[in-house]
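J.: Model the following, please.
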Amino acid sequence: MSTDPDTDIKIFSKPLSSQGSSVLMGFPGSGLVGSIALQYMIDQLEFEQIGSINSKYFPPLAMMSKGVVNVPVRLYEKGNIVSIIADIPIHPNICYEVANGIMNWLEPFSVREVVAIAGIITNEPEKRVFGVASNEQALSRIQDSTIILPVGSISGIASSILTECRIRDIAGYGLLGETINAPDPRASAAAIEVLKKMYDIDLDVQPLIEQAEEIESTMQKLAEQVKTAETMPKKEQLPMYG
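T.: Below you'll find the predicted structure:
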């Protein structure tokens, strides 16, 4: 069990089982791309939960499953892959503190690389995955499996994580799934396909695609209901009888 009493970011975890691990991070953001992708990987590949992260900065929210409270930011491990996944968004004002706290904790384990998975809103149907890296040398690892962003900016916790990687000379990658501003399992599946190539993972994403179809069908029905409600005559326009 490891914590740093001098920081407001508290990490309660077993030590990583090996040096040189790859760390994947998914926090809620556009399309929930990173959160959905990593939770699916964790469930399907049966990662072991090794710890959790807490902070006075986090919103007072805890998720529950079958009556059991789950810590909103958790650490998992399988082999030499570590996953950090969150159920809560990280406010922009504390992104530095959270990113710095996580990277400080990881430092003794000499991690090989860090991958932040997030979404980028384009409202296009392709579900491409855009890639960025913390330095030019690292770009070669993802240039064949992503579309390298030539210019632009990244915001939120992913940007803070990648900035810390740049400062600390750690290979850092951002996988940005093309998404809409709604839960988007298709974008998450596309990001997983990139991870499969990077880490030679055997993982079927078809169940995630089927989940996307269910969500899309539900959203379509809701849109039709809203459209129908909007076309109904207002109360003052209704004819009067009697």
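J.: which ones are touching the residue nearest to residue 16 when sequence neighbours are not counted?
T.: Computed as CB to CB, 6 or more residues apart in numbering, the closest residue to residue 16 that is not its neighbour in sequence is residue 109, at 4.6 Å. Backbone N, C-alpha and C define where each C-beta goes, glycine included. Under the criterion of CB atoms under 8 Å, 6 or more residues apart in numbering, the neighbours of residue 109 are 15-16, 19-21.
J.: Tell me who's in contact with residue 33.
T.: Residue 33 sits in contact with 26, 117-119, 176-177, 179, 184, 187-188, 191, where contact means CB under 8 Å, 6+ apart.
J.: Residue 89 now?
T.: When the contact criterion is CB under 8 Å, 6+ apart, the partners of residue 89 are 27-29, 59.
J.: host element of the most centrally placed residue in the chain?
T.: In the chain, the C-alpha nearest the mean C-alpha coordinate belongs to residue 34, at 2.0 Å (CA atoms, centre = their mean). Element membership of residue 34 [criterion: DSSP states H and E] is helix 33-45.
J.: Extract the C-alpha set from that helix and format it as PDB.
T.: Included here for helix 33-45 are C-alpha records, laid out as PDB according to Å, rounded to 0.1, in the frame of the first residue of the first chain:
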ATOM      1  CA  VAL A  33     -14.000   7.200 -25.500                       C
ATOM      2  CA  GLY A  34     -11.200   6.400 -23.000                       C
ATOM      3  CA  SER A  35     -13.400   5.300 -20.200                       C
ATOM      4  CA  ILE A  36     -15.500   2.900 -22.400                       C
ATOM      5  CA  ALA A  37     -12.400   1.500 -24.100                       C
ATOM      6  CA  LEU A  38     -10.400   0.700 -21.000                       C
ATOM      7  CA  GLN A  39     -13.400  -0.600 -19.000                       C
ATOM      8  CA  TYR A  40     -14.100  -3.000 -21.900                       C
ATOM      9  CA  MET A  41     -10.500  -4.200 -22.000                       C
ATOM     10  CA  ILE A  42     -10.300  -4.600 -18.200                       C
ATOM     11  CA  ASP A  43     -13.500  -6.700 -18.100                       C
ATOM     12  CA  GLN A  44     -12.800  -8.800 -21.200                       C
ATOM     13  CA  LEU A  45      -9.100  -9.500 -20.400                       C
END
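J.: May I see the buried residues of that helix?
T.: 33-42, 44 (16 or more other CB atoms under 10 Å).
J.: got it, and stretch 160-180?
T.: For stretch 160-180, burial by neighbour count (16+ other CB under 10 Å) applies to 160-165, 168, 170-180.
J.: now that stretch: mean pLDDT?
T.: For stretch 160-180, the mean per-residue pLDDT is 95.
J.: what's the first-to-last distance across that stretch?
T.: Across its full length, stretch 160-180 reaches 22 Å end to end, with CA to CA, to the nearest Å as the criterion.
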